[in-house]
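> just the structure for this:
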Amino acid sequence: MFYRPKDGHPLPHNPFKAIIAPRPIGWISTVDADGRANLAPYSFFNGINEAPPMVMFASGSHKLGLDERKDSLANILETEQFCVNIVSTELADAMNKTSGHFPYGTDEFEQAGLAKTAGREVNVPFVTAAPVTMECTLYKVIDLPGSQHMVIGEVVGIHIDDAHIKDGLLDVTSYQPLARLGYHDYASVTEVFSLKRPE
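Below you'll find the predicted structure:
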């Protein structure tokens, strides 16, 4: 099968997101100028630089069914700060609850019954139960076609639950990070293997 995205596709559902899989999930916490918290998951997310450490996530500009800008994007533009919470498999249902399109000012931590912890380097709370959280400051927002925006942040603080450090290494299988596939599908990392580069 071959198709040109600009011409549409011959399948019942768009396969694009299913092709780029698995995708890590950036569970982005922010606050608005009045200090009201927001929490939302984004699966167009990844690390993009090691030194300094930097991450990106992509966001649409508006909420589905509401004539409002996406809260994460609006808040980051106001405060230039955010946190990236890593989603463990145990937190899948809570993460899904925060994916709803709530009116501006709604606290998704409360909607999902999640405790908050105050950031140390940024004035943004993060998910207390998250196995790993990265505190970030805004580096740049890049406008993309189709009213999409790429948010790039520099990681200025990292929290790792000590329970997930084994023999000096982060053991992702101990919390099984959740990954987004296509459609309504997810996967979790339950086993890993190593490959050394050739000499």
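
> Provide a list of residues in contact with the residue most central in space within the chain.
Among the residues of the chain, G26 comes closest to the average C-alpha position under C-alpha atoms, centre = their mean, at 1.2 Å. The contact partners of G26, taken as C-beta atoms under 8 Å, 6 or more residues apart in numbering, are P41, Y42, S43, F45, V55, F57, V84, N85. Backbone N, C-alpha and C define where each C-beta goes, glycine included.

> adding secondary structure and neighbour count, write these out as JSON lines.
Shown next, in JSON lines, are the contacts of G26 (DSSP: H, G, I helix; E, B strand; the rest coil; neighbours: other C-beta atoms under 10 Å):
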{"residue": "P41", "secondary structure": "strand", "neighbour count": "22"}
{"residue": "Y42", "secondary structure": "strand", "neighbour count": "22"}
{"residue": "S43", "secondary structure": "coil", "neighbour count": "22"}
{"residue": "F45", "secondary structure": "strand", "neighbour count": "20"}
{"residue": "V55", "secondary structure": "strand", "neighbour count": "22"}
{"residue": "F57", "secondary structure": "strand", "neighbour count": "27"}
{"residue": "V84", "secondary structure": "strand", "neighbour count": "26"}
{"residue": "N85", "secondary structure": "strand", "neighbour count": "27"}
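
> and the strands in the chain, which stretches?
Remark: strands assigned in the chain by DSSP state E are 23-24, 26-31, 37-42, 45-50, 53-60, 81-86, 116-118, 125-127, 132-144, 148-160, 165-166, 169-170, 178-180, 186-188.

> so which of those comes closest to L195?
Closest to L195 of those is strand 169-170 (C-beta to C-beta; 15.9 Å).

> can you check what angle separates the top helix by length along the chain from strand 53-60?
Identified as the longest helix of the chain according to DSSP state H is helix 71-79. If you take axes from the mean of the first three to the mean of the last three C-alpha atoms, to 10 degrees, helix 71-79 sits at 120 degrees to strand 53-60.

> which elements pack onto helix 71-79?
Secondary-structure packing of helix 71-79 (3 or more C-beta pairs under 8 Å, 6 or more residues apart in numbering; DSSP states H and E): strand 26-31, strand 37-42, strand 81-86, strand 132-144, strand 148-160.

> adjacent strands (with direction) for the first one?
According to DSSP bridges, strand 26-31 forms sheet pairs with strand 37-42 (antiparallel), strand 81-86 (antiparallel).

> okay, the angle between the first one and strand 148-160?
Strand 37-42 and strand 148-160 are oriented at 110 degrees to each other (the same axes, to 10 degrees).

> what is the distance between strand 37-42 and the centre of its chain?
8 Å (C-alpha atoms, centre = their mean, to the nearest Å).

> what about dumping the CA coordinates of that strand to PDB?
Coordinates of each C-alpha in strand 37-42 appear next as PDB, following Å, rounded to 0.1, in the frame of the first residue of the first chain:
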ATOM      1  CA  ALA A  37      -2.800  24.000  38.200                       C
ATOM      2  CA  ASN A  38      -3.400  22.000  35.000                       C
ATOM      3  CA  LEU A  39      -2.400  18.500  34.000                       C
ATOM      4  CA  ALA A  40      -2.600  16.900  30.500                       C
ATOM      5  CA  PRO A  41      -1.000  14.100  28.600                       C
ATOM      6  CA  TYR A  42       0.800  14.500  25.200                       C
END
